[in-house]
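A.B. asks: This is a predicted model, with the sequence first.
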Amino acid sequence: MTQPGLREVEHETVISAPADAVYRLIAEVQNWPRIFPPTIYVDHVERGEHEERIRIWATANGEAKNWTSRRTLDAQRLRITFRQEVPAPPVAAMGGTWIIEPLAQSESRVRLLHDYRAIDDDPESLEWIDQAVDRNSRSELAALKKNVEAAHAAEDLTFSFEDTVHVAGSAKDVYDFVNEADRWSERLPHVATVRLTEDTPGLQELEMDTRAKDGSVHTTKSYRVTFPHWKIAYKQTTLPALMTLHTGYWTFTEDGDGVTASSQHTVTLNTENIARVLGDDATVEDARQYVTNALSTNSRATLGHAKTYAESARG
């Protein structure tokens with residue numbers, strides 16, 4: 001019998017891929033920022049063979065939220081159940097199930113079930129949750145379908161790279177420089193303007209205008225999740241023309257005589273814009289080099305200034 005105030009909804013899609021492949025993709029949460037548009041970052045809190053606790057940072061109706069969920073993985077039945085342990089207001093309780101059903105050798109149905117309640121069973125809050133669940137579920141299933149079906153085509157278009165410097169300073173000082181992005185327009189020559197908000201501690205919304213080598217200015221927007229003083233993970237939601245995906249993280253690891261500071265990027269190229277941006281004769285490899293050089297130049301500049309800042313602080 002359904003509890004009073006409890007809402008139960010279901011969304012589904014059909015994917016041209018084997019059911020076990022779809023299951024693996026959903027089970028591997030480290031890929032979620034790349035395949036689900038609302039997801040910013042996912043971190044394992046506990047991890048066992050069939051049970052795990054994960055912390056998720058994601059947007060809902062344009063607002064950044066985070067929560068902790070417990071998941072049960074059933075590879076034999078192709079099911080993953082989840083339950084939020086610490087829901088973000090106005091949610092009082094949230095859970096559900098991923099169900100993957102084989103339809104044919106290379107086709108499967110994915111059903112996404114949710115059950116939830118609002119704090120104090122407030123009707124306005126429940127309506128807000130209805131909209132968020134519906135929007136995110138549709139977005140997640142559409143992205144999942146697109147990602148699985150285009151996996152082979154996108155394989156050569158998705159790549160990662162990393163820039164690293166050694167700093168004769170403290171991890172805290174290097175972290176502080178990167179964390180205090182609201183001061184980047186003063187500290188970094190390639191940053192024209194910055195708009196940084198952090199309504200929830202550790203969850204930042206960052207919008208900035210950066211100058212390219214040719215003098216052009218590009219606006220990007222990112223959500224960042226901070227872990228003092230060792231990591232900052234991010235996902236860009238407003239992207240330059242040559243990218244359909246840009247996620248990454250900054251890490252700060254103390255070693256014997258200082259800190260190893262790194263900037264990692266994962267990118268998927270937007271092939272539809274290559275000719276418009278780089279010319280009719282430009283290739284995917286040209287776009288790869290262009291994007292790598294542009295992002296690396298900015299990362300190395302930021303790391304270089306962070307190094308100077310931290311080493312001066314140690315002084």
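C.D. replies: Okay, I see it.
A.B. asks: ok, L113 - how many residues close by?
C.D. replies: 17 (other C-beta atoms under 10 Å). Just so you know, the C-beta spots here come from the backbone N, C-alpha and C atoms, and that holds for glycine as well.
A.B. asks: Can you list the strands that the helix or strand in which T210 is found pairs with?
C.D. replies: According to DSSP states H and E, T210 maps onto strand 203-211. Here strand 203-211 is paired, per DSSP bridges, with strand 191-200 (antiparallel), strand 217-227 (antiparallel).
A.B. asks: Now do the buried residues in the first one.
C.D. replies: Neighbour-count burial for strand 191-200, counted by 16 or more other C-beta atoms under 10 Å, picks out V191, V194, L196, E198.
A.B. asks: Could you tell me how far it lies from the centre of the chain?
C.D. replies: 18 Å (C-alpha atoms, centre = their mean, to the nearest Å).
A.B. asks: next one: the last one
C.D. replies: Taking C-alpha atoms, centre = their mean, one finds strand 217-227 lying 11 Å from the centre of the chain it belongs to.
A.B. asks: what is the mean pLDDT for that strand?
C.D. replies: In this model, strand 217-227 has an average pLDDT of 92.
A.B. asks: repeat for stretch 295-313
C.D. replies: For stretch 295-313, the per-residue pLDDT averages 96.
A.B. asks: Identify each buried residue in that stretch, please.
C.D. replies: Those would be L295, N298, S299, T302, L303, H305, A306, K307, Y309, A310, E311, for stretch 295-313 by 16+ other C-beta under 10 Å.
A.B. asks: hmm, back to that, and the buried residues of strand 191-200, which two are furthest apart?
C.D. replies: V191 and E198 (17.7 Å; C-beta to C-beta).
A.B. asks: The helix ranked longest in the chain - contacts with which helices or strands?
C.D. replies: Longest helix of the chain, by residue count under DSSP state H: helix 284-314. Contacts defined by 3 or more C-beta pairs under 8 Å, 6 or more residues apart in numbering; DSSP states H and E place helix 284-314 against strand 158-167, helix 171-179, helix 184-187, strand 258-269, helix 274-278.
A.B. asks: Make sure T297 is actually in contact with K213.
C.D. replies: Yes. Between T297 and K213 there is a contact under C-beta atoms under 8 Å: 7.3 Å.
A.B. asks: The nearest residue in space to R47 that is not next to it in sequence bridge partners, please.
C.D. replies: Excluding its sequence neighbours, the residue lying closest to R47 (C-beta to C-beta, 6 or more residues apart in numbering) is R53, at 7.8 Å. Beta bridges link R53 to E46, R70 when assigned by DSSP bridges.
A.B. asks: Distance check, R53 against L203.
C.D. replies: Taking C-beta to C-beta, to the nearest Å as the measure, R53 falls 19 Å from L203.
A.B. asks: Can you tell me what sits against stretch 198-207?
C.D. replies: Residues outside stretch 198-207 that contact it (C-beta atoms under 8 Å, 6 or more residues apart in numbering): 57, 64, 66, 181, 194-197, 219-227, 234, 238.
A.B. asks: now it, how far from the centre of its chain.
C.D. replies: 14 Å.
A.B. asks: Pull out the buried positions in it.
C.D. replies: E198, L203, Q204, E205, L206, E207.
A.B. asks: do stretch 20-35 as well
C.D. replies: V22, Y23, L25, I26, A27, V29, W32, P33, R34, I35.
A.B. asks: just the residues you listed now: which is nearest G48?
C.D. replies: Of these, the one sitting nearest to G48 (C-beta to C-beta) turns out to be A27, at 13.1 Å.
A.B. asks: Next up, the contacts around that closest one.
C.D. replies: Here A27 is in contact with L73, A75, I80 (C-beta under 8 Å, 6+ apart).
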